[in-house]
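> Predicted coordinates and the sequence they were generated for:
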Amino acid sequence: MLEVQHVTAGYGKLEVLSDLSIQFRPGRFTAIAGPNGCGKSSLLKAIMRFLPLSKGEIMLDGKPLEKIGRKKLARRIAYLPQECFCPDYMTLGELIELAGHSRYELVGGPSERDRELFSQVLKTVGLSDRAGFPVNKLSGGQRQRAWIAMVLAQDTEIILMDEPVNNLDITYQFAVLELVRDLVENHGKTVISVLHDLNLTAAFADDVALMRGGQCLISGTVEDAVTPENIESVFGLKAQVFEKEGRLVCFPERSETTVFC
Amino acid sequence: MQRRLVFLSAMTFLLPVVAGVHLFLGFRSTDLPQLLFAFAGSDAQSFEEAVLLYQRVPRTLIALYVGGVTAVCGFVLQSLVRNPLASPTTLGVNAGAALFLVAGVLLFNLDTKLQGAAALVGALSGFLASLAVAKAAGRRNDPRGLSLILSGALVTMFFTGLTNALLLSDPARRSDLLSWIVGTINHAYADRLALFWWVGVIAILMLLVLARPLTLILFGAEKAASTGVNVPIVSGLAILAAVLGAGSAVAICGPIGFVGLVVPHIVRPLVGNNLRISLPAAFLTGAMVCIMADLIGREALYPFSLSTGLVTDLVGGVVFILIIKRFYLSSGAQQGVA
Amino acid sequence: MIRRGTATDGLGILRFKNGFQIKISNLFAGLGLAMAAVLLAVYSLQIGLTKTGISDFLAIFVGAELSDAKVYALIDVRLPRILVGFMVGWAVALSGAVLQSLARNPLADPGLFGFSQGSMIMIMLLLIVVPLAPKSLVALAAVAGGLCVAGLLLWLVGGGRSSGLAIVLMGIAVETVLSSFGTLLILYLPPETSLALSEWLAGSLFQANWSLIAAFLPLHGHLVSGILIAGRLLPAYDLGNEMAMALGEPVARSQPLLLLFAVVLSAAAVTAVGPLMFLGILAPHIAAFLSPATGRARLVLSGLTGGILVVAADTLTRGVAVGLPMPLGLSLTIIGVPLFIIALRLQALRKFQSH
């Protein structure tokens, strides 16, 4: 269980998380949503300890994250940033092998078990035949799946994703999120992901955390949290929420006076 | 408006003062009145007068010419290329002129007159080479012209490398050119000034004539075209004049680096972008900076004298760093891209 | 002991018992480069005023009597020159490859970033204060100078998201200032010191001799362990600092060590022959063009390519400009700039394709 307790953090003087508390339940897909600049990505960075906390603590199974070394942390939590860079000379296979970085000995490479995992992962994302390709030569959708494959290959129980479906067309958005759903349901992973689209959130996530101004205003299951009142209080937008074929659909209303704030 | 005129008149006043210091510093004060009369006569009556007439005066004139012309050319280049780092030094102009001149001397035994022509051709080819490399190697996602400056730096390194190789191949004549190649303001180059001064004068006159349409172009090419300015011809002529002018300065006393980069950055915030005022301001400031650099080089480590080129390289390099920091690496600049 | 298998990307791979593994394609590329290096060395032995070559060289080992001139040319001049050239090229290329991963900038180069000039200036300052400083002190000064410039550059560029070209330009700017400061020092040093230094400053192999090689060798011992460690860490850095941390790399601890490794390599090369520009960029690019590789293989292949480039440049200058004392740094710049532009062009094209 990953618990964020009264965390305050920021870049220099700019405070991006203020007294934020939230619990992420294991074995579930939690989506983090909220307006731009509300601190969604910063929350993930704080969990990864890229962002030093000025107050509060983040606990993993009752143990403060700061007490866990980088290497051990990498075996528990994997992270997919919003933008990924890969040098031109690296092939997909080599990228996947890098996922085991924290498990290899100084001289050694991937073990038998690792190698099986890697080919399994490539099969899962449907890129087995692309393993020898340079990552930068893959198409946009393939590249995003490649990075997801790498995160999977890290073989952790918790996976953090920062807008994994950004810049993908709708087919790939669904394909990637189906994949994430499958990981949670069939492989027992805990996925925490920033998602912009409330409809995608409602369609795929179990839990949702709605953030605004560096705080988590509402968290709970999709059914409880995605309501017109909550959407208005977080996004400042009037919306209707319907249920269609067992799943929630948000329908923002157009207003005469759109206010940018 | 007020500030521009104050700056311009301050410069007009300061330049003769600095030039005077440059001319007369080091003489005994009792000799000064007599030395002033030396200008009236045609021949030197004493050792002091000879020093003044045949060393100090040419030196001051060279510094005046080189600093002024280079600064004006740098200003025009920066404005037209729309890049705060553009200058004769950073766009391969100086290195090209130096290479062609050295090659002309060592390979073809050119006389002084033809050396000047070679330097002008070299200045132009250095500039064109930088443009060509930038075009070949540039990235599409380069809105602020960094690849042009990188290309200029590469061309400069390449040309300087070739120049050094040529110089090494002829050790005997190397020593003749050695002080020229680091950029030295020296009375020995007075005859070169006498030969090439008209190039810079024509270049500056041409730029002054073009100042009004050029200013319009700076405010927007489309807008300028709509008021009847022939944009390609005007900017082409202006760049040609700027490059040739800078080349002529190199032909006289070797590459004096970075004056063309630094001075426009001093002038622009004070005077603005209206070329009819900022070009004269750049000329005066450039001349003054160069005279002061020469003064520092001459007096700082007396009895040694430093090459002016080295002084300007050192100071200019630091300013170069600051410009990159301010325009490309500050947090404000970051947001500009994102 | 050794088993053949396939890597995740489907290429053949050799696995050693202790877990070490190497791609077969990279192994062949490495052997090919090593062969090329040997052939080049053989050719390079022939070049020069004294007519002699590999056959005479082999004859020495059989015990044949050779004229003093030939022995001198082979053993005291050409062979050390080739060896030092190779070692220097190897070191600078490795340094460049490490820097490129650390800065995540394919244009990083110890010469272009001013590290070599920094080392150079520090050596000159040392020699002004202590004219007869021992070699070890000189090497230390070189490392200190490189580190100073690295620190300066880090401070100037500021943490993080600057554009790659801007960093390169900043490096060039720092390099320009340092080199004009160096010229200044040269001009006002006592003539005898300044003459030796100016040759050094341009990067020259003239002073290559066996004692220099002996001084260089222990360093290469450390290099092997450095490659083993750095080669494993660098691919994680290639993905960016945050990704490296997410993968379990203690960046705060290993990054300074890697930077030190790169600076030591470049400083070692500077101590031997003076600053060399572009080599640190060219060698990894050419190596990646010959055989794309990551990690240790990339380092080793880059190093071999760097060594070959230096020996080739030296051979070329000796062959073309007979009797002309052309410093190595100069010929590398003249050869390097066009190649660098080609590399930039290829990179631009690749960017064009991938988007």
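Yep, that arrived.
> So which residue is dead centre in the chain?
Just going to use chain A. A:Met161 (2.0 Å; CA atoms, centre = their mean).
> Can you look at chain B instead?
A centroid search over chain B (CA atoms, centre = their mean) returns B:Thr70, at 2.3 Å, as the residue closest to the centre.
> That one looks like it's in a helix, true?
Yes. Using DSSP: H, G, I helix; E, B strand; the rest coil, the assignment for B:Thr70 is a helix.
> Need the three-state assignment for the residue of the stretch 201-350 of chain C found nearest chain A.
Using CB to the nearest CB, the single residue of the stretch 201-350 of chain C nearest to chain A is C:Gly248, 2.8 Å away. Yep, even glycine has a C-beta here, placed from its N, CA and C like the rest. Following three-state DSSP, we place C:Gly248 in the coil state.
> In the helix or strand containing B:Gly236, which residues are buried?
Using DSSP states H and E, B:Gly236 sits within helix B:231-253. For helix B:231-253, the neighbour count (16 or more other CB atoms under 10 Å in any protein chain shown) marks B:231, B:234-235, B:237-239, B:241-253 as buried.
> Kindly report the same for stretch A:167-179.
Of the residues in stretch A:167-179, A:168, A:172-177, A:179 count as buried by neighbour count, 16+ other CB under 10 Å.
> Among these, name the ones in helices.
Among the buried residues of stretch A:167-179, the residues falling in helices (DSSP state H) are A:172-177, A:179.
> which one in those is the model shakiest on?
Across these, the smallest pLDDT goes to A:Tyr172, namely 80.
> Name the nearest residue to that one, sequence neighbours excluded.
Nearest residue to A:Tyr172, sequence neighbours excluded (CB to CB, 6 or more residues apart in numbering or on different chains): A:Gly141, at 4.2 Å.
> tell me the contacts of that neighbour?
Contact analysis of A:Gly141 by CB atoms under 8 Å, 6 or more residues apart in numbering or on different chains lists A:168-169, A:171-172, A:175.
> repeat for C:Thr52
Contact analysis of C:Thr52 by CB under 8 Å, 6+ apart lists C:45-46, C:66, C:70, C:73-74.
> Tell me how far the residue lying closest to it once chain neighbours are set aside lies from C:Ala64.
Excluding the flanking residues, the one nearest C:Thr52 by CB to CB, 6+ apart is C:Lys70, at 4.4 Å. Relative to C:Ala64, C:Lys70 is positioned 10 Å away (criterion: CB to CB, to the nearest Å).
> More neighbours: these two, which one.
Neighbours per residue (other CB atoms under 10 Å in any protein chain shown) separate C:Lys70 from C:Ala64, with C:Lys70 holding more: 17 against 10.
> now the helix or strand that contains the more buried one, how far from the chain's geometric center?
Element membership for C:Lys70 (DSSP H and E) is helix C:68-71. Offset of helix C:68-71 from its chain centre (CA atoms, centre = their mean, to the nearest Å): 31 Å.
> Restricting to C-alpha, output that helix in PDB.
As requested, the backbone C-alpha atoms of helix C:68-71 are provided in PDB (Å, rounded to 0.1, in the frame of the first residue of the first chain):
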ATOM      1  CA  ASP C  68      71.300   2.500 -36.500                       C
ATOM      2  CA  ALA C  69      69.300   4.900 -38.500                       C
ATOM      3  CA  LYS C  70      66.600   2.300 -39.200                       C
ATOM      4  CA  VAL C  71      66.500   1.100 -35.600                       C
END
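> Would you agree A:Arg75 is in contact with A:Thr156?
Yes. Counting by CB atoms under 8 Å, A:Arg75 touches A:Thr156, with 6.3 Å between them.
> Which one of these two is surrounded by more residues?
Here A:Arg75 and A:Thr156 are compared on neighbour count by other CB under 10 Å; more neighbours surround A:Thr156, at 20 against 16.
> So the residue nearest to that one when sequence neighbours are not counted: helix, strand or coil?
Spatial nearest neighbour of A:Thr156, excluding adjacent residues (CB to CB, 6+ apart): A:Ala78 at 4.4 Å. At A:Ala78 the chain is in strand, as set by three-state DSSP.
> ok, A:Ala78 touching A:Gln154?
Yes. If you go by CB under 8 Å, A:Ala78 and A:Gln154 touch, sitting 4.0 Å apart.
> Name all residues that sit in contact with these two at the same time.
A:Ala99.
> for the stretch 251-355 of chain C, what are the low-confidence residue spans?
C:321-325, C:348, C:350-355 (pLDDT under 70).
> Equivalent analysis for chain B, please.
For chain B (pLDDT under 70), the answer is B:1, B:38-44, B:138-144, B:302-303, B:330-338.
> same thing with chain C?
In the predicted model, chain C carries pLDDT under 70 at residues C:1, C:159-164, C:190-204, C:206-207, C:321-325, C:348, C:350-355.
> List the residues that contact the closest residue to B:Ile321 other than its chain neighbours.
Spatial nearest neighbour of B:Ile321, excluding adjacent residues (CB to CB, 6+ apart): C:Ala173 at 4.5 Å. Shown in contact with C:Ala173 (CB under 8 Å, 6+ apart): B:317, B:320-321, B:324.
> go again using 6 Å as the cut-off
Counting by CB atoms under 6 Å, 6 or more residues apart in numbering or on different chains, C:Ala173 touches B:320-321, B:324.
> Looking at the residues you listed, spot the one nearest chain A.
B:Ile324 (22.8 Å).
> tell me the contacts of the closest one?
C:169-170, C:173.
> Would you mind naming the helix or strand containing it?
Counting by DSSP H and E, B:Ile324 is found in helix B:308-324.
> Taking their axis directions, that helix and helix B:231-253 sit at what angle?
140 degrees (axes from the mean of the first three to the mean of the last three CA atoms, to 10 degrees).
> Which residue is the nearest non-sequential neighbour of the residue of the stretch 151-300 of chain C found nearest chain B?
Closest approach between the stretch 151-300 of chain C and chain B, counting by CB to the nearest CB: C:Val177, at 3.5 Å. Closest residue in space to C:Val177, ignoring its immediate chain neighbours: B:Gly317 at 3.5 Å, by CB to CB, 6+ apart.
> didn't the one you found look like it was pressed against C:Glu175?
No. With contacts counted by CB atoms under 6 Å, B:Gly317 stays clear of C:Glu175, the gap being 8.9 Å.
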